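# have a look at this prediction, sequence included:
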Amino acid sequence: MKKKAAWTLLVLIILCSVPLFIPSGFVMDMVIQVLILGLFAVSLNILIGYTGMVSFGHSAFYGIGAYTLGILLQKTSFTIPMALGAVVVFSAVAALIIGFFCTRLAAIYFAMLTLAFSQVVYAIVTKLDSLTGGYQGLIGGIPKPKVNLGFATWDISLFSNLYIFTVIVAVISLLLIKIIIDSPFGCILKAIRENPQRTSYVGINARRYQLIAFVFSGVFGGIAGALMAFYVSGAYPDFIFWTTSAEPIFMILIGGLNTFLGPMIGALVLFLLTTNLKAHAELWGLVLGGILICFTIILKKGLTEFFYGSNLSRWLGNFSRSTFGKGQDVR
Amino acid sequence: MDLVAIINCMMNPSSLIMLLVNTLKLTMLLFLLASGLSLIFGTLEILNFAHGSLYMIGSYLTYVAIKRMSGYAFALVFVCLAMAIFGFLLERLLVRRIYGASLFYQLLLTYGLVLVLDDVVKLVWGSEYLTVEIPQIFQRKPIVFMGSVTPFYSAFTIVVGAVVALFLWIFFTRTKLGKTISAMSEDQEMLQALGINVPLLYSFVFALGTCLAGLGGILSVPLLSAYPGMGFSVIIYSFIVVVIGGLGDIRGAFVGAFLLGLVKSMAVIGFRDYEELAPFALMVIVLVLRPQGLFGIKHA
């Protein structure tokens, strides 16, 4: 525990002092986006990597977080901590409802159902014109009220303060996820991933644990969405669209399934790809899809794990055999 | 929700027939997609996220075939063959590599395919909606029966769908090849020991599924036109259909498609505002009552 706190403090100090040494807007933008996207991916990795449940509808929570924060700050006089609290509550409730239906099912149905539910959230949000702005999204900017720290007020509308705020919230969220994963609760999740049947024979209600994991995942996904809405000062239906659900999966694939911070590397790769491909937006899907296909086929494991134990040569042998051969190794 | 409108529609024979025709038309289009998805999952144990994109490719190929070639029948055969070959190559080059891999990798590979195919379509045909007219041979007087009016093309769609359903049923229950494929999902090692070329059959099944998706594209393109990203809207519906019916079961795909078609065409009459949400409501109801789907086998 002490070790984790020390590490967190160190990371916070380093990240917060980045603007002092490299005063460039690009770097700050990069740190913020990678942290938010990374948090989003790590929150999904609670399900995919640690519990073994492939959710394809994580954008639902990203969107719910973003819209909750945006609407509350725009239309009511909520303070930022209150709004963040509301984000946690709303995403938790949504995750509880969606998870109730989805965790009843076998893995394959789970993936399809989570996707379907994110589509339900998308349909509802685009339908509630007066509240969410429909297809246009929540435009007109999200106000950034000053945060009362007790001894002073903190003006978040300044970019440098916004940066520090985002870094603190994201890093603390990551710390909380790490604590959850390392706790006995997290160990049970891993046991469920390895063998759900055996876990339930030990007397553990696997479904209940899966549901709790789903709620945790949803809450942190919601926080990531809220941070993004706050940062870009708006919330858009795109946040809930299925392509957004695919991004964290992409990051997890690149970073490796079973590493805690692996998805952060994935987030960095995705961010760099996006910025470099902006001029060729029409090729975005082609590149991303191509990378996905290659990674799945060649690595099946993700970069971080690939460097630990490579089986490239064995793979090359299998590749030629499975393309042209007719015998073994089909399944 | 306007129950009165629905009941009125049910009481009147002509409007009841129209509702039924509309339902069946949707059923057949959904069935062509869902049966391929279900077939591929049942035998290959791959959840093909890109199935909707295959349907999209089918639609675009139909557009090309009808514009460039003379004769609808010829275009139809061309698209079916092209789709089967495309499916075969796809299986040999990509899908084959992830047999037995966890669901995560299956979703990723097929999702990568969705992105790539969407962009390829955009690069080749642009991102506008491409419309195809209903072919000449179907531009006839609608069929009038007991005061109901059925467009000729809708009738044709229903007939084709019914024929395909019948064909699949006979194929899997009466022919040797079909039975071999069913056996393959049980124990493929045993089949190999008996000297059956299992990898070739795998390719065949994937090609058949692709062909069915392409057929769905052929039939629907005059009704719904072709555009990039069209695959996504149908893949969600196909998922709903197979979730309702139970994955891996062709009968389930048919029943699921019928239920979804019914809900969608009733929504147009009685609860238009909830048209988008109604299919999900249907799915939730089925899942609460029977989590493995109507025809599914209970998993652990």
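Nice, thanks for sending it over.
# how about the strands in chain A?
Taking DSSP state E as the test, the strands found in chain A are A:147-148, A:153-154.
# just name the most buried of the ones you listed.
Mean neighbour count (mean count of other C-beta atoms under 10 Å in any protein chain shown) peaks for strand A:147-148 among the strands of chain A, with a mean of 14. C-beta coordinates here come from the backbone N, C-alpha and C atoms, glycine included.
# to chain B, which of the strands of chain A lies closest?
Of all the strands of chain A, strand A:147-148 sits nearest to chain B, with 38.3 Å by C-beta to the nearest C-beta.
# and the closest one, average pLDDT?
Averaged over strand A:147-148, pLDDT sits at 76.
# same check, this time on stretch B:36-56
What stretch B:36-56 shows for mean pLDDT is 90.
# what about it and chain A, touching?
Yes. Counting by C-beta under 8 Å from any C-beta of the partner chain, chain A is contacted by stretch B:36-56 at B:41, B:45, B:47.
# same deal with stretch B:172-182?
No. Stretch B:172-182 lies apart from chain A when judged by C-beta under 8 Å from any C-beta; the minimum separation is 14.0 Å.
# CA atoms of that stretch as PDB?
Extracted C-alpha coordinates of stretch B:172-182, given in PDB (Å, rounded to 0.1, in the frame of the first residue of the first chain):
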ATOM      1  CA  PHE B 172     -28.400 -30.100 -43.200                       C
ATOM      2  CA  THR B 173     -30.800 -32.900 -42.500                       C
ATOM      3  CA  ARG B 174     -30.900 -34.900 -45.800                       C
ATOM      4  CA  THR B 175     -27.600 -34.600 -47.600                       C
ATOM      5  CA  LYS B 176     -24.300 -36.300 -46.700                       C
ATOM      6  CA  LEU B 177     -22.300 -33.100 -47.000                       C
ATOM      7  CA  GLY B 178     -24.700 -31.300 -44.700                       C
ATOM      8  CA  LYS B 179     -24.600 -34.000 -42.200                       C
ATOM      9  CA  THR B 180     -20.800 -34.100 -42.300                       C
ATOM     10  CA  ILE B 181     -20.800 -30.400 -41.500                       C
ATOM     11  CA  SER B 182     -23.100 -30.900 -38.600                       C
END
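# residue contacts, the residue most central in space within chain B?
The centre of chain B sits closest to residue B:33, judged by C-alpha atoms, centre = their mean, with a distance of 1.0 Å. Listed by C-beta atoms under 8 Å, 6 or more residues apart in numbering or on different chains, the contact partners of residue B:33 are B:51, B:52, B:55, B:212, B:213, B:216, B:234, B:237, B:238, B:241.
# at 7 Å instead, please
Neighbouring residues of residue B:33 by C-beta atoms under 7 Å, 6 or more residues apart in numbering or on different chains: B:51, B:55, B:213, B:216, B:234, B:238.
# one more: residue A:113?
A:101, A:102, A:105, B:243.
# any weak-confidence spans in the chain?
Here I'm looking at chain A. Chain A contains residues with pLDDT under 70 at A:299-331.
# could you do chain B instead?
Counting by pLDDT under 70, chain B shows low-confidence ranges at B:1, B:297-300.
# quickly find the element holding the closest residue to residue B:79 other than its chain neighbours.
Spatial nearest neighbour of residue B:79, chain neighbours left out: residue B:61 (4.7 Å); criterion: C-beta to C-beta, 6 or more residues apart in numbering or on different chains. Counting by DSSP states H and E, the element that carries residue B:61 is helix B:51-68.
# what's that helix packed up against?
Judged by 3 or more C-beta pairs under 7 Å, 6 or more residues apart in numbering or on different chains; DSSP states H and E, helix B:51-68 is in contact with helix B:13-44, helix B:72-93, helix B:103-125, helix B:198-224, helix B:230-245.
# so which bits of the first one are buried?
Put plainly, it is helix B:13-44. For helix B:13-44, burial by neighbour count (16 or more other C-beta atoms under 10 Å in any protein chain shown) applies to B:15, B:17-44.
# how about the second one?
Along helix B:72-93, these residues count as buried under the neighbour rule (16+ other C-beta under 10 Å): B:72, B:75-76, B:78-80, B:82-84, B:86-88, B:90-92.
# same question, the shortest one
By 16+ other C-beta under 10 Å, the buried positions in helix B:230-245 come out as B:230-232, B:234-245.
# and which of the contacts of residue B:33 is nearest to residue A:123?
Taking C-beta to C-beta as the measure, residue A:123 lies nearest residue B:234 of the contacts of residue B:33, at 15.7 Å.
# returning to what we had before: count the neighbours of the residue nearest to residue B:79 for me.
Using other C-beta atoms under 10 Å in any protein chain shown, residue B:61 is surrounded by 22 other residues.
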